[in-house]
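K.L.:
model this:
(one chain, ligands or ions: 2)
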Amino acid sequence: ALPVTVFSGIQPTGSLHLGNYFGAVKLWTEIQNDPTKQLITSVVDMHAITLAWDPKALRANIRRMFIELLACGVDPSKTVLFQQSQVPQHAQLQWIFACLTTMARLDNLPQYKEKSATQSDIPCGLLLYPVLQAADILLYRARLVPVGEDQVHHLQLAQHTARVFNHHHGKLFPSPQRLPSDLPRVKSLREPAKKMSKSEPDTKSRIEVADSPEQIMLKCKRAVTDFPAEITFDPETRPGISNLLLLYKTIRAMEMDAVLEHFRAKDKVALKEELGEAVVELLRPVRENVRHLEGNLEFVERVMEEGAEKARALAADTMRLVENLVGF
Ligand code: ADP
Ligand code: NA
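P.N.:
Ligands and ions are numbered 1, 2, ... in the order given. Got it, this is the predicted structure:
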C-alpha cells in the first residue's frame, strides 16, 4: 500500500523553541521514519504576512527555520520540506476554495475573532488564513494532519471545504483527519498560564533550540514558579513548577511518578538546575548542527530549491485534476 500523506506546517516567525520541538518537530522526525507515512512539511511564509511584516526579517526567518528544522533532524531525503510561497499552487487552490466558502463561516472562527479584535483595519488575509490552510493540506490530498487542540476549527474548515468541493465538482479530496497524539503543551517560562511561543517578545519565556548552555541554564533558573518549596505536580494550581516537571519528564522519557520520586527530597533550585542540564544535553547536538549548517548555506539553499521542486510536482498533479473538474 502507498504511504499515507501527512501534512504539517510551521510559520517562519522566529527560532524554534522547546514547545515546537516537543509539540511538533520531534513527532515529524518520527513520522518521516515510519514507512507507512509520507511527511510533507511546509515553512508557511504566506501565513506569516497576514499582519504587518518586515521583508528582511521574514527572509532571514525563513532560512533560519530551514536551518533549525534540518538541525533538529528533519531529513529532506525522507520529508518533502519546502517554502510555501515557492509553490504557486497554494495560492491558486486557495482562490478556488475562497469561492466555495461563505463569509459567515470564516467570520465565526474563534482564532479570527480573537486576532481581528485587536485590529482597526482588518486585512482580508486574516479572514482567508484558514482557507489557505485548507489549500495547504488538500493540495497534497493529505489524510493526516498533526495539529493541536487550537487548530481543530481550522481542520474542520478543511474537512468542510473538501466536502463542498467533492459534492459540487467530483470526488477528489480525502477528508483530512487529526493525527492522534498525546503531545505535551509546553508553557511559557515567564507566564505559565500561556503557551511557550515564538511570537512572544520576552525571549526569556522560551528556550530556543540554538540557545547556548549559559542561556539555557539562566532561563531555567529564572523560570517563574510559586511559593511552596516542595515539588508537586498540578498543572491547574501550580502551572509553573508543573511545566518544569513536564519538560523534565519529557526529556528524560520518564513517568511522572518517577520524576516526583526523584525530586522528593529536593527543592525547586535543584529541579531548575537538573532541568537546565537535561536541556543542555538534549540541545547540544542541535546547536552543533545549526553551527555546521550556518557554515554551509549553499547546502541549505539547495535543500530549499529541491524541496520546492518536489512540492511543485505533487501540487501540479492535484491542480491538473482540480482545473479539469472546475472547468478551467
Ligand atoms: P508558535 O506559537 O511558537 O509560533 P506555531 O504556531 O508556528 O508556534 O506552531 C508550530 C507547531 O508547534 C504547531 O504544530 C504547534 O502545535 C506546535 N507548538 C507551538 N507552540 C507549542 C507549545 N508551547 N507546546 C507544544 N507545541 C507547540
Ligand atoms: Na515516512
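K.L.:
quick one: the strands in the stretch 151-300 of the chain?
P.N.:
177-178 (DSSP state E, counting those that start in this stretch).
K.L.:
how about the residues of it near ligand 1?
P.N.:
Within the stretch 151-300 of the chain, the positions lying close to ligand 1 (CB under 6 Å from any ligand atom) are 185-186, 195-199. C-beta: built from backbone N, CA, C; applies to glycine.
K.L.:
which PyMOL command selects the buried ones in those?
P.N.:
This is the PyMOL syntax for the buried subset of those, where burial follows 16 or more other CB atoms under 10 Å:
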select buried, resi 186+195+196+197+198
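K.L.:
dump the residues of the stretch 151-300 of the chain next to ligand 1 to CSV, plus distance to ligand 2 and pLDDT.
P.N.:
Output for those, formatted as CSV (distance: CB to the ion, whole Å; pLDDT from 0 to 100):
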residue, distance to ligand 2, pLDDT
Arg185, 25, 92
Val186, 25, 96
Lys195, 28, 94
Met196, 27, 97
Ser197, 28, 95
Lys198, 26, 92
Ser199, 30, 87
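K.L.:
among the residues of the stretch 151-300 of the chain next to ligand 1, which pair sits farthest apart?
P.N.:
The span of those, defined through CB to CB, is set by Arg185 and Ser199 at 16.0 Å.
K.L.:
with only the CA atoms kept, save stretch 97-106 in CSV.
P.N.:
Taking C-alpha atoms only, stretch 97-106 is exported to CSV below (Å, rounded to 0.1, in the frame of the first residue of the first chain):
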residue,chain,number,x,y,z
PHE,A,97,-11.7,27.4,-2.1
ALA,A,98,-12.4,31.0,-1.2
CYS,A,99,-15.1,30.9,-3.9
LEU,A,100,-16.6,27.9,-2.2
THR,A,101,-16.5,29.3,1.3
THR,A,102,-19.0,31.7,2.9
MET,A,103,-18.0,34.9,4.7
ALA,A,104,-20.2,33.8,7.6
ARG,A,105,-18.3,30.6,8.1
LEU,A,106,-14.9,32.4,8.2
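K.L.:
which positions in that stretch come out as buried?
P.N.:
Buried residues in stretch 97-106, counted by 16+ other CB under 10 Å: 97-98, 100-101, 106.
K.L.:
from the chain's centre, how far out does it sit?
P.N.:
Chain-centre distance of stretch 97-106: 25 Å, with CA atoms, centre = their mean, to the nearest Å.
K.L.:
quick one: Gly276 and ligand 2, what's the gap?
P.N.:
Gly276 sits 34 Å away from ligand 2, going by CB to the ion, to the nearest Å.
K.L.:
how close does the closest residue to that residue other than its chain neighbours sit to Asn61?
P.N.:
In this structure, Gly276 finds its nearest non-sequential neighbour in Cys220, 3.8 Å apart by CB to CB, 6 or more residues apart in numbering. Going from Cys220 to Asn61 by CB to CB, to the nearest Å gives 25 Å.
K.L.:
returning to what we had before: the residue nearest to Gly276 and Ala270 touch, don't they?
P.N.:
No. Look at Cys220 against Ala270 with CB atoms under 8 Å: they stay out of range, at 11.3 Å.
K.L.:
those two: who's more crowded?
P.N.:
More crowded of Cys220 and Ala270, by other CB atoms under 10 Å: Cys220, with 23 against 13.
K.L.:
who are the contact partners of the more buried one?
P.N.:
Contacts here follow CB atoms under 8 Å, 6 or more residues apart in numbering; on that basis Cys220 touches 189, 207, 244, 272-273, 275-276, 279.
K.L.:
longest helix in the protein, by number of residues?
P.N.:
Longest helix in the chain, counting residues (DSSP state H): helix 297-326.
K.L.:
identify the residue of the stretch 151-300 of the chain closest to ligand 2, quick one.
P.N.:
Closest approach between the stretch 151-300 of the chain and ligand 2, counting by CB to the ion: Leu179, at 12.7 Å.
K.L.:
pLDDT score assigned to that residue?
P.N.:
pLDDT recorded at Leu179 is 93.
K.L.:
doesn't Val145 make contact with it?
P.N.:
Yes. The pair Leu179 / Val145 is scored as a contact, 6.3 Å apart, by CB under 8 Å.
K.L.:
anything in contact with each of the two?
P.N.:
Contacts common to Leu179 and Val145, judged by CB under 8 Å, 6+ apart, are Val6.
K.L.:
please report how far the residue nearest to Gly276 lies from Asp150.
P.N.:
Per CB to CB, Cys220 is found 26 Å from Asp150.
K.L.:
from the residues of the stretch 151-300 of the chain next to ligand 1, pick the one nearest Asp121.
P.N.:
For these, the closest approach to Asp121 (CB to CB) belongs to Ser199, at 20.2 Å.
K.L.:
contacting residues around that closest one?
P.N.:
Ser199 is in contact with 13-14, counting by CB under 8 Å, 6+ apart.
K.L.:
phi, psi for it please.
P.N.:
Phi and psi for Ser199, reported as degrees, to the nearest 10, are phi -90, psi 0.
K.L.:
now do Ile40
P.N.:
Backbone torsions for Ile40, taken as degrees, to the nearest 10, come to phi -120, psi 120.
K.L.:
ok, the residue in the chain sticking out farthest from the centre to ligand 1 distance?
P.N.:
Going by CA atoms, centre = their mean, the residue of the chain most distant from its centre is Ala265, 37.0 Å out. Distance of Ala265 to ligand 1, given as CB to the nearest ligand atom, to the nearest Å: 30 Å.
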